[in-house]
Each structure stands twice: as structure tokens, then as C-alpha cells.
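Student: Predicted structure and sequence below. I'll ask about it afterward.
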Amino acid sequence: MSRRAEIALDADEQLALLESERVVVVSSHGPRGWPHSMPLWYVPREGDVWIYTYGKSQKVRNLERDPRATLLIETGHYYNELRGIEIEAEAEIHRDYETVLELATELNLRYSEGLSSLDDDAVGVLEKQAPKRVAIHFAPRRVASWDHAKLGGTY
């Protein structure tokens, strides 16, 4: 077995990492050919990553031009603590109001500690923002993962 295979996260570990972390770095192809990387909050849905952002943002324009993106979710401070997932994906941009509003609600609940629902004021804000926003689903094409703790202290 290769060293890479030894440290890979299994499907359950990947899902747990997606569910527990809060920031994904999304890299798209910028207008000048350079990678454009942005940290974003996200919603994991059945192991896939979804984001909510302004429809006129640079990342959306990049993904309209070329839907390929690389996503990175990583945690750990010291080398032997590093765990992560890199996902090569194709972006599917959703502009319909209901899909955008549903994701906005889900995202706000995920990042609002302990809330099970949003109050009317918060819903009103999201309803006003939804026409200017998009929901983006990143459909995975290739996944690489790692957990340096599996190295057992040998690097």
C-alpha cells in the first residue's frame, strides 16, 4: 500500500470532516489565467459542498466562464494533526429564487449556533438578498484526502 493510500480518509471520515469544518477555500480560474482562491462558508449536502454568494462576484464570473474548481477543506495546526480534503469539482450555478433562499436559510442556520429556525426578521433579510445571490453546487469529479495522524509519528 502506498503512503498516500495509508493516510487517506475513508468515506465516513471525509463526511465527518465536511460536517465539522466551517470554511472551504474555492479556487477558480481568474480572468487573467491565475487561480482565484476565496475562503467561504458552505453547506455540506450528502457529501457535496454548496455555497451561497453574490451573483456578480468574481468567483461566479470565473465559474460561468469555466465551471472547474478546486476546493480545499483542511484542519490542524501541527504537521501530525493535518487532515484535509481536496475536491476537484464542476460548479453548477443555481439562480432560481427558491433554491437560493433554501440554501441561504440552511447556511444561516448552520453558522448560527444552536438555532433551529430563523426569526421573521432574518427570513425577511434573506428574502431581500436572494434575487442578488446564487447557490452553487460543486459536483465532485476527483477527491484526495489526508490525515497525518495516520502516519503514527513518522514523517
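Tutor: Now that the structure is in, tell me what you want to look at. It should be emphasised that the depicted structure is a prediction, and the values quoted were computed from it without experimental measurement.
Student: for the host helix or strand of Glu13, what is the average pLDDT?
Tutor: Here Glu13 sits within helix 11-20, counting by DSSP states H and E. If you average the pLDDT over helix 11-20, you get 96.
Student: What ranges does the protein have for its helices?
Tutor: Assigned by DSSP state H, the chain shows helices spanning 3-7, 11-20, 58-65, 97-111, 120-129.
Student: and Trp34, which of these is closest to it?
Tutor: With C-beta to C-beta, the closest approach to Trp34 among those belongs to helix 58-65: 10.5 Å. Quick note: C-beta positions are derived from backbone N, CA and C, even for glycine.
Student: And the closest one, what does it pack against?
Tutor: Packing partners of helix 58-65 (3 or more C-beta pairs under 8 Å, 6 or more residues apart in numbering; DSSP states H and E): strand 24-29, strand 35-40, strand 48-54, strand 83-94, strand 133-147.
Student: Mind checking those for the one nearest to Asp12?
Tutor: strand 133-147 (11.6 Å).
Student: Can you list the buried residues in that closest one?
Tutor: 133-138, 143, 145-147 (16 or more other C-beta atoms under 10 Å).
Student: Output those in CSV, with pLDDT and distance to Ala69 appended to each entry.
Tutor: Output for these, formatted as CSV (pLDDT from 0 to 100; distance: C-beta to C-beta, whole Å):
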residue, pLDDT, distance to Ala69
Arg133, 98, 18
Val134, 98, 14
Ala135, 98, 15
Ile136, 98, 9
His137, 98, 11
Phe138, 98, 6
Val143, 97, 13
Ser145, 97, 17
Trp146, 96, 20
Asp147, 94, 23
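Student: Go through the residues you listed and name the one nearest Thr99.
Tutor: Closest approach to Thr99 among the buried residues of strand 133-147 (C-beta to C-beta): Ala135, at 5.1 Å.
Student: Contact partners for that closest one?
Tutor: With contacts defined as C-beta atoms under 8 Å, 6 or more residues apart in numbering, Ala135 is in contact with 50-52, 93-94, 99-100, 102-104.
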